[in-house]
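K.L.:
Predicted structure and sequence below. I'll ask about it afterward.
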Amino acid sequence: MNSKGPSIKPFAQLFRVADLAHEALIKDTPMTKRDMYYMDVPLFKSQSVVDRLVDDLAATIDVGRAELNIRASSKGLLCGSSLCIHLLDGQAIHATDSEPILIPVAEDIERFELKREIQWVLIVEKDAVFQTLCRAQLTRIASLPGPGIMITGKGYPDLATRQLVRTLSDNLPESIPILALVDGDAFGIDIASVYKFGSHALRHEKEKLVAERVECIGVWASELQDFGIDRDAMLPITKADEKKARTMLRRSNDMMPLRWKQELARMLHTRRKAETEILSTIKSSAFDEPSEFPAFASSEPTSVIGHPLVRYLTAKITQRLELLSASLLAPDSPVSTDSDEDLLFP
């Protein structure tokens, strides 16, 4: 046998994925990509092979993954007591302000319900940062204009997380911003891009997943000097960072906002990147504008009051709400009078 000839393994992997999808449809038994991987580990070798082949198969025959009876494995988390998720089996999942819950797959969800008015939605790239903000109960903190909802996809988001963000984007009033907190590097900005513009792998499902209202609020490496963090405190970029940034800079302006491109270009110039955790090193003296960082309620723990990450986000969210409110009240801008209290949406 000629060992240098073309391998039949990719074809065997593809046919195995197609066979498993066909079996799931015939038996009407939903299957996850993780299930498929464990059904033939020696053939697939890695989970990423199954992930890619499932997405390629769905794109080739122009159907959604759900139409192949292949379900996404949930990994995204939700925090915020204002939101309740009603499932098709009659259960209701109530989110809290301190303990995150797993976002169910879309196929199990009947509808979402907002139990009370919210003012903002925050997507957080990193699970560790998200957990810190949950413990601080950011979704109900008194220094913000009102309660909110926090979501994390733990890095690049899964399908269920993207579908939730899209649903919120489609149904919440324009007065409620949907913001993203990501690392100040190419991969962080790319994660924000997946929420806002979609991903290449699921381009055939773009219309069901993109949430164009998503706005990235940082972390911007360009702003850190204003907080007393110098260049040497930031991490040097890697070859992977550089390659990713250069690829993203080639995207059209309608798929990569100018501000995002400026940050990528700056990263390449300075050879430095900023992870979200660097915000924890900001000294309290850096927040020298009391009006931008109002006092916290006395009932909140001292550790929350002084946490730099919380103070940073308080300022960012408040600023965005003020700008949005001003734009909606402008004479040439339509004003949304719809209330999201007790709002139900599919």
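P.N.:
That came through, no problem.
K.L.:
Kindly tell me how buried Pro177 is, as a neighbour count.
P.N.:
21 (other C-beta atoms under 10 Å). The way it works is simple: take the backbone N, C-alpha and C, and place the C-beta from them, glycine included.
K.L.:
That one - nearest residue in space that isn't next to it in sequence?
P.N.:
Arg320 (5.1 Å; C-beta to C-beta, 6 or more residues apart in numbering).
K.L.:
can you confirm that neighbour is in a strand?
P.N.:
No: if the criterion is DSSP: H, G, I helix; E, B strand; the rest coil, then Arg320 is helix and not within a strand.
K.L.:
Going forward, the N-terminal residue is numbered 31.
P.N.:
Happy to do that; since the first residue is 31 now, the last one works out to Arg350.
K.L.:
Distance of it relative to Gly183?
P.N.:
According to C-beta to C-beta, to the nearest Å, Arg350 and Gly183 sit 21 Å apart.
K.L.:
ok, those two, which is more surrounded?
P.N.:
Neighbours were counted for Arg350 and for Gly183 using other C-beta under 10 Å; Gly183 has more, 26 against 15.
K.L.:
buried sites along stretch 255-262?
P.N.:
By 16 or more other C-beta atoms under 10 Å, the buried positions in stretch 255-262 come out as 257, 259.
K.L.:
Can you give me the end-to-end span of that stretch?
P.N.:
Length of stretch 255-262, first residue to last, C-alpha to C-alpha, to the nearest Å: 11 Å.
K.L.:
which intervals of the stretch 231-376 of the chain have sub-threshold pLDDT?
P.N.:
The model of the stretch 231-376 of the chain has pLDDT under 70 over residues 231-236, 313-336, 360-376.
K.L.:
all helices in it, in order from the N-terminus.
P.N.:
Secondary structure of the stretch 231-376 of the chain, counting by DSSP state H, counting those that start in this stretch: helices at 236-239, 269-279, 288-300, 332-335, 338-359.
K.L.:
secondary structure class for Ile153?
P.N.:
Per three-state DSSP, Ile153 ends up strand.
K.L.:
beta partners for it?
P.N.:
Per DSSP bridges, residues listed as beta-bridge partners of Ile153: Ile181, Ala210.
K.L.:
That one contacts Tyr225, correct?
P.N.:
Yes: Ile153 lies in contact with Tyr225 (C-beta atoms under 8 Å); the separation is 6.2 Å.
K.L.:
Residues that sit against both of these two, list them.
P.N.:
Listed as contacting both Ile153 and Tyr225 by C-beta atoms under 8 Å, 6 or more residues apart in numbering are 195, 210, 244.
K.L.:
The last one: neighbour count?
P.N.:
The local packing count at Val244 equals 22, with neighbours defined by other C-beta under 10 Å.
K.L.:
Ignoring the adjacent residues along the chain, who's closest to it?
P.N.:
In this structure, Val244 finds its nearest non-sequential neighbour in Lys226, 4.2 Å apart by C-beta to C-beta, 6+ apart.
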